[in-house]
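J.: fold the following, please.
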Amino acid sequence: MMIESVLSRSLRLMFAGSLALGMHAVQAQALAGDADGEMQKVEVTGSSIKRLSSQTALPITSIKAEDFIKQGLTTAQEVMNTIPMNQSSNGSSQSVGSGTGGMSSADLRGLGSDKTLVLLNGRRIASHPFNGEAVDLNIIPLSALDRVEVLRDGASAIYGTDAIGGVINFITKRSVQGATVSVEHYAPTRSGGGEESRINLSGGFGNLSTDGYNFFGVADVHQQSALAAASRAFSSTSVIPSHGVDNSSGTSQPANFFSANGLTGNPYAASNCPGKGLITTASGTCRTDTVAYIDDIPKTQQESLLGKATFKLSADNIATLEYLHSRSTSTTSIAPSPLTGISMTSASPYYPGNGAVPGVAGLTGEDLTINWRTAAAGRRTGFDTSTSDRLVLASEGLIGGWDYNVGLTYAVSKAASAFVNGYTNDSLVKAGVLDGTLNPFGDQSATGAAYLDAAQLHGQYLGAKMNSTGVDAKVSREIYTLPAGAVGFAVGTEFRHDQAEYNVNRALASQAQSSGYADAQDQQGSRNIAAVYSELSVPLHKDLELSLAARYDHYNDVGGGFNPKVGLRWQPIKQVLLRSSYNTGFRAPTLYDLHGPATATFTGNSYDDPVLCPGGTAVAGANPNLACGQQQYIRSGGNANLKPEKSKTFSAGIVFEPVSSVTMSLDYFNIRLRDKIGTVAEQTLFANYDKYKSAFVYSADGSTLQYVNAVLDNLGEVHTSGIDTSLTWRLPRSSYGSFTFQFDGSWVRNYEYQNETGGAYIQNVGVYADNNPVFRWKHNASLTWALGDWSANLSNKYMSGYRDQNFVDAGFEQNVKAYSTFSLSGAYTGWKNTDITVGVKNLFDKNPPFSNQGTVFQTGYDPRYTDPLGRTLYVKASYKF
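T.: Residues are numbered from 1 along each chain as shown. Next comes the predicted model:
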């Protein structure tokens, strides 16, 4: 702990010093050059005009592939988590109980993953079909990447929809020669699971310059075992009295009952509710600590295959054929199926007091309504599969003085969810209790066990598919020479046809209400998109450049949008560069937003019915086992009346390079979004019943809350602003080796949003608002050393603390502490054709800070932003043939 404290203080002083100087590094890609060192023009993410990479003034962060292993990054999601501007809250852990299909996504500026555009080699990828709003990062072929470029500015004027928060461009290797096999293994020092392994094979042949062609391919398999929530003390229970947290469920095994004469109880409450994860209440019922059954990290596997062929058509022109196939699977487990509203009469041999089950005082044969969790069937296990295929035929080069790039893209994304174990036929189980075959209070007879086993559901209950076919073309050149330099011009067009379909296996899904799709219907939709765009780069003075861009998109279902962008770049002296831009943006509602099937699933938290159990006390005649402290049904789905989101973005920055070894910069951003598409959070709905009364749907007689409506809608505005900062410091090479310090940080000044047009603004910076916090400060820092065949890297990732969700009783409100972890790695390349890297993630074995959030199924911490594994050792070995 002393070492950690000293190291933390030292790095904090370094960071503070850099901030005091107002430093921010531009991580620009290395200058492209040929064998003779001639500088080549390249196309940079965020612009359609080819130019020398040293000339770009765009705020771009670039991460090289060799840095992935230095920090122990195993997935594209982990890579994105090192970008401070990314406020992503969707990863594999959120697939536990939430039906995300196991997808992971990026979220620049915290505006939503649907407002971050993800590209592969500069072209779009089909979105994950379950929500259609974002690309699943699990399909990115991490081992095939050369680098990742992140444009931290709005780019709708260049790329169209989705680029409001920024653009992430995953760029693969341009060519490969020879063959390499790599293996990796990651092992947490604590028991419980979570181990990771990867095997990768890459190879290629042909030299584009001499042979006129190059073929290469990369095959990669990565898998991670599940980590049970119970294996970590900080996540082992959903009931934490010292913090006022109680996320337990009132549906249990043994079952709780409500009698016709108003008696509530459980025949085994007097025996202290024996069984896994059970808690005895003062009211004589049992509650289930569902955390005893769930995973902090689900079992996952990603497989990817990338093949690319490049042909030299002439000295200036090439053609490429690229194919990507990815498959991602996730196996999730949650508590056994909960069933409510089950009827039992005194004719059942398992009626309390009939001999097999203990009697309950005051119960004299009245009919019972039962809440039962079918523990004997096992915990509910689901299997989610996502596959993605993309074929790109493209050509680029120079014709008649024009740089051109044309491409034809076909992409298909599929997803499926299946019952594996623990899901039961609701009707059969209810009938089995009513006729006395099943015992909802204790062990099953042989007949009851066979009946329950026969009631289990297996197979795929949901499938979705998205097809995208597109053609794009653009040309650029210098069209005129002014006294200050040449004017760059680009023009392009894009046509795309998207189609989505959602297929519900009604015969299966309708039998299990807890699937969320019991009442869902098949849905489908399609659209045609046409766009034209142009860009102009005008040198007003030797050191002053004006950039203009504009794009018009037309959607046959939601109309069109015109989005301009204007930028200025001024370099008064060699060491200083000033830049600024203003642009508008838009995001068209996705096909899922418009046509997504209606789903009803349980809320993440337990709530008191605001009508039948106000203040936690059931009204006369209401069943407290259903109305009080229970997970309620919440319904969501598409909305055909949605309007496009629109935005305005302003940015201004300075880049300072006092000496060639030091680069610093600061960039201010300000984004204003209106007509944001989303849903009102469940916590907000239940906490403000009078305001959202129309969303609560009750049965005809008012005795039961059927569900709460939370369909997509245009909610209002979002405002956010802040500063990105970065520093790159390369120390002079000496006999002790070379040292490089890299620092990237993002400070959010404000983030506020509305839940309805014209409504009050909700503050979110440093505060857990409806669904999540927005971090005031995030940074990633690394110190790299290299000497001969040896190298080492020390990195730090930091997130500031925030005011917790505090959906707890008064007196238990609290703040979540800052989260800071270090990673250390070392590499050796002295053996022929062999590279070895060993490292430690979370060097000081730091636990996630406590959080009382109830938005996700895990309890005691927030898995969206922290790592439950603890200290993890890893090794990577590569051999080149």
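
J.: longest strand anywhere in this protein?
T.: For the chain, the strand with the greatest residue count under DSSP state E is strand 459-482.

J.: so the residue nearest to the spatial centre of the chain: helix, strand or coil?
T.: Nearest residue to the geometric centre of the chain (CA atoms, centre = their mean): Asn90, 2.6 Å. Recorded secondary structure, Asn90: coil (DSSP: H, G, I helix; E, B strand; the rest coil).

J.: hmm, back to that, after the longest strand of the chain, which helix or strand is next? Please name it.
T.: Proceeding N to C from strand 459-482, the next assigned helix or strand is strand 485-504, under DSSP states H and E.

J.: can you give me the angle that next one makes with strand 459-482?
T.: Relative orientation of strand 485-504 and strand 459-482, computed by axes from the mean of the first three to the mean of the last three CA atoms, to 10 degrees: 170 degrees.

J.: other SSEs contacting the longest strand of the chain?
T.: When contacts are defined as 3 or more CB pairs under 8 Å, 6 or more residues apart in numbering; DSSP states H and E, strand 459-482 packs onto strand 123-124, strand 402-421, strand 485-504, helix 506-509, strand 523-541. For every residue, glycine as well, the C-beta is placed using N, CA and C.

J.: each with direction, which strands does that strand pair with?
T.: strand 402-421 (antiparallel), strand 485-504 (antiparallel) (DSSP bridges).

J.: check the offset of the last one from the chain's centre.
T.: On the basis of CA atoms, centre = their mean, to the nearest Å, the separation between the geometric centre of strand 485-504 and that of its chain is 24 Å.

J.: CA atoms only: put that strand into PDB for me.
T.: The C-alpha atoms that make up strand 485-504 are tabulated as PDB, following Å, rounded to 0.1, in the frame of the first residue of the first chain:
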ATOM      1  CA  GLY A 485      -1.400  28.100 -51.200                       C
ATOM      2  CA  ALA A 486      -3.500  25.600 -53.100                       C
ATOM      3  CA  VAL A 487      -7.300  25.200 -52.500                       C
ATOM      4  CA  GLY A 488      -8.300  21.700 -51.800                       C
ATOM      5  CA  PHE A 489     -11.700  20.400 -52.900                       C
ATOM      6  CA  ALA A 490     -13.600  17.200 -52.400                       C
ATOM      7  CA  VAL A 491     -17.000  16.000 -53.400                       C
ATOM      8  CA  GLY A 492     -18.700  12.700 -52.700                       C
ATOM      9  CA  THR A 493     -21.900  10.800 -52.700                       C
ATOM     10  CA  GLU A 494     -23.400   7.800 -50.900                       C
ATOM     11  CA  PHE A 495     -26.400   5.500 -51.500                       C
ATOM     12  CA  ARG A 496     -27.500   2.900 -49.000                       C
ATOM     13  CA  HIS A 497     -30.400   0.500 -48.500                       C
ATOM     14  CA  ASP A 498     -31.000  -0.700 -44.900                       C
ATOM     15  CA  GLN A 499     -33.400  -3.500 -43.900                       C
ATOM     16  CA  ALA A 500     -34.200  -4.800 -40.500                       C
ATOM     17  CA  GLU A 501     -36.400  -7.600 -39.200                       C
ATOM     18  CA  TYR A 502     -37.200  -8.900 -35.700                       C
ATOM     19  CA  ASN A 503     -38.600 -12.400 -35.500                       C
ATOM     20  CA  VAL A 504     -40.100 -13.600 -32.300                       C
END
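
J.: quick one: that strand to strand 523-541, angle?
T.: Angle of strand 485-504 versus strand 523-541, following the same axes, to 10 degrees, is 170 degrees.

J.: in strand 485-504, what's buried?
T.: Residues 485, 487-490, 492, 494, 496, 498, 500-504 are the ones in strand 485-504 that count as buried (16 or more other CB atoms under 10 Å).

J.: the helix or strand that contains Ala394 pairs with which strands?
T.: Per DSSP H and E: Ala394 is located in strand 380-399. Note on strand 380-399: by DSSP bridges, its sheet partners are strand 317-334 (antiparallel), strand 402-421 (antiparallel).

J.: what sits up against the helix or strand that comes right after the first one?
T.: Read in the C-terminal direction, the helix or strand following strand 317-334 is strand 338-344, with elements assigned using DSSP H and E. Contacts of strand 338-344 from elsewhere in the structure, counted by CB atoms under 8 Å, 6 or more residues apart in numbering, are 249, 251, 255, 257, 350-351, 367-374, 424, 426, 429-430, 433-434, 440, 513-514, 602, 625-626, 631, 704.

J.: circling back to that earlier point, restrict the longest strand of the chain to CA atoms and write it as CSV.
T.: Output of strand 459-482 as CSV, limited to C-alpha atoms (Å, rounded to 0.1, in the frame of the first residue of the first chain):
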residue,chain,number,x,y,z
GLY,A,459,-34.4,-23.1,-28.0
GLN,A,460,-34.2,-19.8,-29.8
TYR,A,461,-37.0,-17.4,-28.9
LEU,A,462,-35.7,-14.2,-30.6
GLY,A,463,-33.9,-13.5,-33.9
ALA,A,464,-33.0,-10.3,-35.6
LYS,A,465,-31.2,-9.3,-38.8
MET,A,466,-30.0,-6.1,-40.3
ASN,A,467,-28.8,-5.8,-44.0
SER,A,468,-27.0,-2.8,-45.4
THR,A,469,-26.0,-2.4,-49.0
GLY,A,470,-24.2,0.7,-50.0
VAL,A,471,-22.2,2.3,-52.7
ASP,A,472,-20.0,5.4,-52.1
ALA,A,473,-17.7,7.5,-54.2
LYS,A,474,-15.6,10.6,-53.6
VAL,A,475,-12.9,12.6,-55.5
SER,A,476,-10.6,15.3,-54.3
ARG,A,477,-7.8,17.5,-55.7
GLU,A,478,-6.3,20.9,-55.5
ILE,A,479,-8.4,23.1,-57.8
TYR,A,480,-6.9,26.5,-57.6
THR,A,481,-3.8,28.2,-56.3
LEU,A,482,-4.0,31.3,-54.2
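
J.: which one of the strands paired with strand 380-399 lies closest to Gly788?
T.: Nearest to Gly788 among the strands paired with strand 380-399 is strand 317-334 (37.0 Å), distances taken as CB to CB.

J.: ok now the closest one, how far from the chain's centre?
T.: 17 Å.

J.: now do the buried residues in that strand.
T.: The neighbour-count check on strand 317-334 (16+ other CB under 10 Å) flags 318-320, 322, 324-334 as buried.

J.: to Leu612, which of the strands paired with strand 380-399 lies closest?
T.: Nearest to Leu612, of the strands paired with strand 380-399 and by CB to CB, is strand 317-334 at 25.9 Å.

J.: CA atoms only: put the closest one into PDB for me.
T.: Presented in PDB, the C-alpha positions along strand 317-334 are these (Å, rounded to 0.1, in the frame of the first residue of the first chain):
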ATOM      1  CA  ASN A 317      -4.300   2.900 -58.600                       C
ATOM      2  CA  ILE A 318      -5.100  -0.100 -56.500                       C
ATOM      3  CA  ALA A 319      -8.200  -2.300 -56.000                       C
ATOM      4  CA  THR A 320      -9.100  -4.100 -52.700                       C
ATOM      5  CA  LEU A 321     -11.400  -6.900 -51.700                       C
ATOM      6  CA  GLU A 322     -12.000  -7.200 -48.000                       C
ATOM      7  CA  TYR A 323     -14.100  -9.700 -46.100                       C
ATOM      8  CA  LEU A 324     -14.900  -9.700 -42.400                       C
ATOM      9  CA  HIS A 325     -16.700 -12.400 -40.500                       C
ATOM     10  CA  SER A 326     -17.200 -12.100 -36.700                       C
ATOM     11  CA  ARG A 327     -19.100 -14.100 -34.200                       C
ATOM     12  CA  SER A 328     -19.700 -13.200 -30.600                       C
ATOM     13  CA  THR A 329     -21.400 -15.400 -28.000                       C
ATOM     14  CA  SER A 330     -22.500 -14.700 -24.400                       C
ATOM     15  CA  THR A 331     -23.800 -17.100 -21.800                       C
ATOM     16  CA  THR A 332     -25.700 -15.300 -19.000                       C
ATOM     17  CA  SER A 333     -27.300 -16.600 -15.800                       C
ATOM     18  CA  ILE A 334     -29.700 -15.000 -13.400                       C
END
